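Trainee: Everything below, folded, please.
(one chain, ligands or ions: 2)
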Amino acid sequence: MPLIAPSILSADFARLGEEVRAIDEAGCDWVHVDVMDGHFVPNISFGPVVLQAIRPHSKKIMDVHLMIAPADPYLEAFAKAGADIITVHAEAGPHLHRSLQSIRALGKKAGASLTPQTPESAIEYVLDQLDLVLVMSVNPGFGGQAFIPEMVDKIRRVKRLIGSRPIHLEVDGGVTPETAPLCTSAGADVLVAGSAVFKGGHYAANIAAIRSACA
Ligand code: DX5
Ligand code: ZN
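Mentor: Ligands and ions are numbered 1, 2, ... in the order given. I've put the predicted structure just below:
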């Protein structure tokens with residue numbers, strides 16, 4: 001059974017604390033926090049102040065996905081704001097190994113994310129610095145996009161690279177009850193879902209539908 005991490009990008013931002021409590025009570029495993037800078041990706045979301053504001057609304061793991069470049073100057077702010085996992089993009093800077101070391105030095109779990117065109121070899125020499133690999137199955141920047149089917153093969157290859165290491169393999173983008181089982185069969189153990197969790201307001205049923213599709 002995969003862990004489900006609803007992306008609050010699809011939440012009602014005017015009631016964000018309430019929305020975080022609602023997905024917590026609906027049985028999510030992690031809370032996925034999408035940070036966008038309008039530079040690395042063509043959209044702007046929010047920063048550490050908003051993370052800090054929602055942190056008291058759930059004890060669950062805050063899974064912070066930084067779609068920002070550079071990321072290094074902001075790692076400490078997100079750590080202090082209450083992140084448990086901080087994921088940077090392999091494409092966001094020239095020194096991924098250093099970014100991952102910095103995240104661990106802040107006492108947080110470190111993740112690396114790959115946009116759709118980036119081969120899995122980008123993380124081959126940083127595997128021992130990683131607690132999580134995030135395979136993007138859409139181009140980062142927006143919720144509600146269609147799953148890119150070629151990413152199933154990448155998930156499989158990343159899983160092979162990870163081997164027996166204790167590293168989570170997370171998939172983000174276009175995850176629905178239809179695409180979720182493709183991801184878990186290929187080796188994913190954490191699924192991010194924005195629109196598929198928040199649609200229609202039936203959070204518990206939507207989360208359960210994704211989980212049971214993978215059973
Ligand atoms: C995309 C974000 C995703 C996104 C997922 O840039 O990283 O987390 O919000 O949304 P859905 O599940 O709607 O594709
Ligand atoms: Zn994300």
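
Trainee: How far does stretch 46-66 sit from its chain's centre?
Mentor: Relative to the chain's own centre, stretch 46-66 is displaced by 13 Å; criterion: CA atoms, centre = their mean, to the nearest Å.

Trainee: Same question for stretch 111-119.
Mentor: Worked out by CA atoms, centre = their mean, stretch 111-119 lies 12 Å from the chain centre.

Trainee: Contact residues of this structure facing ligand 1?
Mentor: 7, 9-10, 32, 34, 65, 138, 140-145, 172-175, 192-196 (CB under 6 Å from any ligand atom). For the C-beta atoms, the positions are set from N, CA and C on the backbone; glycine is no exception.

Trainee: Give me the buried entries from the residues you listed.
Mentor: Buried members of these, scored by 16 or more other CB atoms under 10 Å, are 7, 9-10, 32, 34, 65, 138, 140-141, 143, 172-175, 192-196.

Trainee: Check these one by one and keep those near ligand 2.
Mentor: 34, 65, 172 (CB under 5 Å from the ion).

Trainee: which phi and psi does the last one have?
Mentor: Backbone torsions of residue 172, given as degrees, to the nearest 10, read phi -140, psi 120.

Trainee: before we move on, what about the second one?
Mentor: In terms of degrees, to the nearest 10, the main-chain angles of residue 65 are phi -100, psi 110.

Trainee: Can you report how many residues neighbour the spatially closest residue to residue 35 that is not a sequence neighbour?
Mentor: Leaving aside its sequence neighbours, residue 35 sits nearest to residue 66 (CB to CB, 6 or more residues apart in numbering; 5.0 Å). A count of nearby residues for residue 66, using other CB atoms under 10 Å, gives 27.

Trainee: Tell me which residues touch residue 66, please.
Mentor: Contacts here follow CB atoms under 8 Å, 6 or more residues apart in numbering; on that basis residue 66 touches 35, 74, 78, 86-89, 92.

Trainee: Equivalent analysis for residue 169, please.
Mentor: 132-133, 135, 155, 158-159, 162, 187-190.

Trainee: let's see 6 Å
Mentor: Counting by CB atoms under 6 Å, 6 or more residues apart in numbering, residue 169 makes contact with 133, 158-159, 187-189.

Trainee: Nearest residue to it in space, ignoring adjacent ones along the chain?
Mentor: Using CB to CB, 6+ apart, the closest residue to residue 169 is residue 188 (5.0 Å).

Trainee: Quick one: neighbours of the one you found, just the number.
Mentor: The tally of other residues near residue 188 (other CB under 10 Å) stands at 31.

Trainee: per-residue pLDDT, it?
Mentor: With respect to pLDDT, residue 188 scores 98.

Trainee: Pretty sure it sits against residue 168.
Mentor: No. Residue 188 is not in contact with residue 168 according to CB atoms under 6 Å; the separation is 8.9 Å.

Trainee: For the closest residue to residue 45 other than its chain neighbours, which three-state class applies?
Mentor: If the residues on either side of it in the chain are set aside, residue 45 comes closest to residue 36, at 4.3 Å by CB to CB, 6+ apart. Using DSSP: H, G, I helix; E, B strand; the rest coil, the structure places residue 36 in strand.

Trainee: now residue 112, what's its secondary structure?
Mentor: Going by three-state DSSP: residue 112 is strand.
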